[in-house]
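> Any chance you could fold what I've pasted below:
(2 chains)
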Amino acid sequence: MSQRTLDPAGARDGEAIASPPRAGRPPGPAPAAPRPWRERRAAWDARLAPYLYVSPFFLVFAVVGAFPLVYTAYVSVHDWSLLGGKGDFVGFQNYRDVWANPYFSKHVVNTLSIFVLSSVPQVVVAVVLAGLLDNQLRGRTWWRMSILLPFVVSPVAVAIIFGSVFGDRYGLLNELLGTVGIGPIAWHTDRLASHVAIATMVNWRWTGFNALIFLAAMQAVPRDLYESAALDGASRVRQFLAITLPMIRPTMIFVVITSTIGGLQIFAEPRLFDETTARNGGSDRQFGTITMLVYDFGWQLRDLGRASATAWMLFVLIMLIALVNLVLMKRIGSLAGER
Amino acid sequence: MALTLASTLAACGGGDDGGETADGKTRITVATFNEFGYEGLIEEYNEMQDEVVLEQVKVGTWDDAKANLYTKLAAGSGLADIEAIEGDAIAAVLAESDAFADLSDPELDGRWLDFVAEKGTNADGQMIGYGTDVGPEGICYRADLFEKAGLPTDRDEVAAMLGTWDDYFAAGEKFVAKVPDTAWYDSSGALGQAMLNQVANPFEADDDTIETDNPDLEAVWDDVTGNSDTLSTQLAQWGDDWTASFQNDGFATTFCPGWMLGIIEGNAEGVEGWDIADVFPGGGGNWGGSYLTVPAQGDNIDKATEIAAWLSAPEQQAKAFAAKGTFPSQVDALAAPEIVDAVNPFFNDAEIGQILANRAQAVTVQPYKGPKYSDILTAFQAAVLRVDEGAQEPDESWEQFQADVAALG
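Alright, predicted model coming up:
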């Protein structure tokens, strides 16, 4: 095969030669030599290559991300039983059913409550921890690695350890509280108490991880900013608020959004914390989350239509909250920076 | 605690690893829950032949096993070659007969007690499940705590004291008056199970219509919730606190099908004073008893069927009884020396074989359990727990239970 047939641009040049000369143009082929093919290829290369390099992610995403998303939407508008498979098209009936289900609002409120109780303290404590670790400490690496330790413990093990800490009757924490005269807290029955217990598990696991991400961002802040601030007489706290926080804002946005997504999808911790046989979030769904409702619909009631509708409603909720977070974080960042 | 771990690992891990071991033998897996007493049998099987490696996948409770079962039935792969099914759910499995191998074998006719074989056979006459055990119930009790409360401790005297439910609750009132820090029974959920298993149609009519507002069920509900405050631990059965209560003198009696003996012995390790009385309030009762099924999605259905038949044979089930107290559902096993001469040292050398055989004789009612029984039972247990926890008044919880059942569709 000749190079020319491979090059459509070259073929077009050939056509131009064959066409009759237009008025006002000097006869004969235009002297402008076509750009060499190699050069052209280099130009294409520069323009296309970045897309090619990132394409594996998008191809994989299309298969394991976009396809399930679209397919879930398809399932959600049908009667669809776990074992029986697809039934009739029902439009938005599944969404209406889920919306009208008394447990739905309960699970949404639980999810938001656990999310707030976990994400907010988590980010605040992680930033403070990172700020402390961003100093000249003795045995720095040891300190930094040790805050990551909880993260490498599997959530199942975490749930078992915390399960015996937060036992209603024979739990460690209630025994400790008893010694100072605080009456036993019903960690599995009281709604707010159960949220606190679950949020504690999440925080214990993720705070160190987030602190390390913040620490990496803090290390990238140019040191001369601190030096000049120190020369101007700014205290350490003032430096932290006026330099560190604004400088790590992009990282802050990243952490807040990832912890939003993770927090709203919380499943393993509450499910393992549950002691009822159904494991769908306590006897009265005191701590059932939206993902647990998805599981409940799909695998306990064996109705994939309603499960898919619930999953889509969760998706929309996450998008909304992530957007709100994004706006808030931009606001907070610019306030702290006094820009 | 260990139960939670095991069940979670199993729920995540599954057992689909191609069906072959590294040295080219066929791998056959058998998935069980609670205690089937199969450890020794599996070892025995692996030693007596050279072609198959038999492995057990154990999860904590039936509810965890059920979630795993349905997920993998829907996926069409991932189940073990042999799946154990709880007796309360065998009707639901029969409704999905296509997904399971037909285990019918004329040679096995008459192996099981009639009602056991019937429950494992679908309307087309295909046997889908091989019965493993049944759950004739006695009353297990802590003789040391009985003594503290001034109640009789000898098992015959205890048996004479607990003939009816009224007797049982009255004895409980006496007990908690003397020993206020210990409850009379282990959980309201277990009491519910015990009483439901004496009702002819607890949740469903014989034609599978759901009827959860029937007077029999209401009577059970009233007894269970009415005694919750005074006599129950009010703990969720199988939960961490429930498991811990065995070590903390949490309760004095519990309802004891054979398979429960192994669980008590495990949870109450080191606790002395357990005994079992040859009695059950309100006549006999059968709680649970399981089946072995062979999912049609497996690679080695013939071999798995053969092994399921071997495991559920009288000789093997008699050994399982010796190991964990699972009382055999096979006619011939009932006369086996492992049963007749069985004595359990943990339960104060009680002749558990004789006692459970008597308890099996006393069973007069086999409750009708349709395809939705297991799902409704789960909702019922949650409803009972709401009252135990004080989250709701009994009436409110009863309404919510009816709504939950309606949502099952």
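
> So B:Gly138, which state does it fall into?
Recorded secondary structure, B:Gly138: strand (DSSP: H, G, I helix; E, B strand; the rest coil).

> Look up how far chain A lies from it.
Separation of B:Gly138 from chain A (CB to the nearest CB, to the nearest Å) stands at 23 Å. Where C-beta positions appear, they are placed from N, C-alpha and C, glycine not excepted.

> Name the residue of the stretch 201-339 of chain A that lies nearest to chain B.
In the stretch 201-339 of chain A, the residue that lies nearest chain B is A:Glu275 (3.0 Å; CB to the nearest CB).

> Just read off the phi/psi values of that residue.
phi -110, psi -10 (degrees, to the nearest 10).

> got the contact list for the closest residue in space to it that isn't next to it in sequence?
Leaving aside its sequence neighbours, A:Glu275 sits nearest to B:Gly239 (CB to CB, 6 or more residues apart in numbering or on different chains; 3.0 Å). Taking CB atoms under 8 Å, 6 or more residues apart in numbering or on different chains as the contact definition, B:Gly239 lies against A:His188, A:Glu275, A:Thr276.

> before we move on, what about B:Ser228?
Counted by CB under 8 Å, 6+ apart, B:Ser228 has contacts B:Ser188, B:Gln234, B:Val384, B:Val387, B:Asp388.

> now stretch B:215-231, how far from the centre of its chain.
21 Å (CA atoms, centre = their mean, to the nearest Å).

> Give the buried residues for it.
Within stretch B:215-231, the residues scored as buried using 16 or more other CB atoms under 10 Å in any protein chain shown are B:Asp216, B:Leu217, B:Val220, B:Trp221, B:Asp223, B:Val224, B:Thr225, B:Asn227, B:Ser228, B:Leu231.

> swap in stretch B:394-405?
In stretch B:394-405, counting by 16+ other CB under 10 Å, buried: B:Pro394, B:Ser397, B:Trp398, B:Gln400, B:Phe401, B:Asp404, B:Val405.

> Surely B:Arg359 is in a strand?
No: counting by three-state DSSP, B:Arg359 is not found in a strand; it is helix.

> That one touches B:Pro136, doesn't it?
Yes: B:Arg359 lies in contact with B:Pro136 (CB atoms under 8 Å); the separation is 3.8 Å.

> What are the phi and psi values at A:Asn210?
Torsion angles, degrees, to the nearest 10, at A:Asn210: phi -70, psi -40.

> Skipping adjacent residues, who's closest to A:Arg302 in space?
Closest to A:Arg302 by CB to CB, 6+ apart is A:Leu82, at 3.8 Å.

> contacting residues around the one you found?
A:Gly298, A:Trp299, A:Arg302, A:Asp303, A:Leu304, B:Tyr70, B:Leu73, B:Ala74.

> Buried residues, stretch A:250-265. List them.
Within stretch A:250-265, judged by 16+ other CB under 10 Å, the buried ones are A:Thr251, A:Met252, A:Ile253, A:Val255, A:Val256, A:Ile257, A:Ser259, A:Thr260, A:Gly263, A:Leu264, A:Gln265.

> er, stretch B:112-125 I mean
B:Trp112, B:Leu113, B:Val116, B:Ala117, B:Lys119, B:Gly120, B:Thr121, B:Asn122.

> tell me which of these is nearest to chain A?
B:Asn122 (15.6 Å).

> Look up the closest residue to that closest one, ignoring the ones flanking it.
B:Leu94 (4.4 Å).

> neighbours of that neighbour, just the number please.
23 (other CB atoms under 10 Å in any protein chain shown).

> hang on, isn't it packed against B:Pro371?
Yes: the pair B:Leu94 / B:Pro371 is scored as a contact, 7.4 Å apart, by CB under 8 Å.

> Thought A:Gly288 was touching A:Tyr103, still the case?
Yes: contact criterion CB under 8 Å: A:Tyr103 and A:Gly288 qualify, at 6.8 Å.

> quick one, which of these two is more surrounded?
A:Gly288 (27 against 22).

> give the contact list for the more buried one.
A:Tyr103, A:Lys106, A:His107, A:Asn110, A:Pro270, A:Asn280, A:Gly281, A:Gly282, A:Asp296 are the contacts of A:Gly288 under CB under 8 Å, 6+ apart.

> Okay, strands next: where are they in the stretch 1-150 of chain A?
A:78-81, A:85-89 (DSSP state E, counting those that start in this stretch).

> ranking the ones you listed by burial, who's on top?
Of all the strands of the stretch 1-150 of chain A, strand A:78-81 carries the top mean neighbour count, a mean of 19, counting by mean count of other CB atoms under 10 Å in any protein chain shown.

> coming back round to it: A:Ser228 is nearest to which of the strands of the stretch 1-150 of chain A?
strand A:78-81 (63.4 Å; CB to CB).

> out of the buried residues of stretch B:112-125, which are inside strands?
Assigned to strands by DSSP state E, none of the buried residues of stretch B:112-125 qualify.

> about what we covered before: of the contacts of A:Leu82, just say which sits nearest to B:Ala244.
A:Trp299 (28.7 Å).

> which ones are touching the closest one?
A:Leu82, A:Ala307, B:Ala67, B:Tyr70, B:Thr71.

> hang on, the second one packs against A:Gln300?
Meaning A:Ala307. No: using CB under 8 Å, A:Ala307 is not in contact with A:Gln300, being 9.8 Å away.

> Comparing these two, which residue is more hemmed in?
A:Ala307 (25 against 22).

> Distance of that one relative to A:Arg144?
According to CB to CB, to the nearest Å, A:Ala307 and A:Arg144 sit 42 Å apart.

> now A:Gly233
Applying CB to CB to A:Gly233 and A:Arg144 gives a distance of 30 Å.

> Neighbour count for the two, which is higher?
Shown here are A:Gly233 and A:Arg144; by other CB under 10 Å, A:Arg144 has more neighbours (18 against 7).

> my guess is that one contacts A:Leu132, does it?
No: at 10.6 Å, A:Arg144 does not count as touching A:Leu132 under the criterion of CB under 8 Å.

> How many neighbouring residues does B:Ser77 have?
Using other CB under 10 Å, B:Ser77 has 12 other residues around it.

> Tell me the secondary structure at it.
When classified by three-state DSSP, B:Ser77 comes out as coil.

> rewinding a little: could you dump the strands of the stretch 1-150 of chain A into JSON lines and include mean pLDDT and distance to chain B?
What follows is the strands of the stretch 1-150 of chain A, written out as JSON lines (pLDDT from 0 to 100; distance: least, CB to the nearest CB, whole Å):
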{"stretch": "strand A:78-81", "mean pLDDT": "93", "distance to chain B": "9"}
{"stretch": "strand A:85-89", "mean pLDDT": "91", "distance to chain B": "9"}
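
> show me what contacts A:Leu172?
Here A:Leu172 is in contact with A:Ser164, A:Val165 (criterion: CB under 8 Å, 6+ apart).

> And the pLDDT for it?
Looking at A:Leu172, its pLDDT stands at 93.

> Against A:Leu301, how distant is B:Ile376?
12 Å.

> Residues of the stretch 1-150 of chain A that sit close to chain B?
For the stretch 1-150 of chain A, the residues in contact with chain B (CB under 8 Å from any CB of the partner chain) are A:Leu82, A:Leu83, A:Asn101, A:Pro102.

> Identify, from those residues, the entry nearest to chain B.
Nearest to chain B among those, with distances taken as CB to the nearest CB, is A:Leu82, at 4.6 Å.

> Would you map the strands across chain B?
Taking DSSP E as the criterion, chain B carries its strands at B:26-33, B:52-59, B:82-86, B:130-131, B:133-134, B:137-142, B:183-185, B:251-257, B:274-277, B:290-293, B:327-328.

> Relative to chain A, which residue of the stretch 201-350 of chain B is the closest?
For the stretch 201-350 of chain B, CB to the nearest CB, closest residue to chain A: B:Gly239, 3.0 Å.

> per-domain residue ranges of chain B.
Here the domain parsing of chain B from automatic domain parsing is B:2-134+B:287-340, B:137-283+B:366-408.
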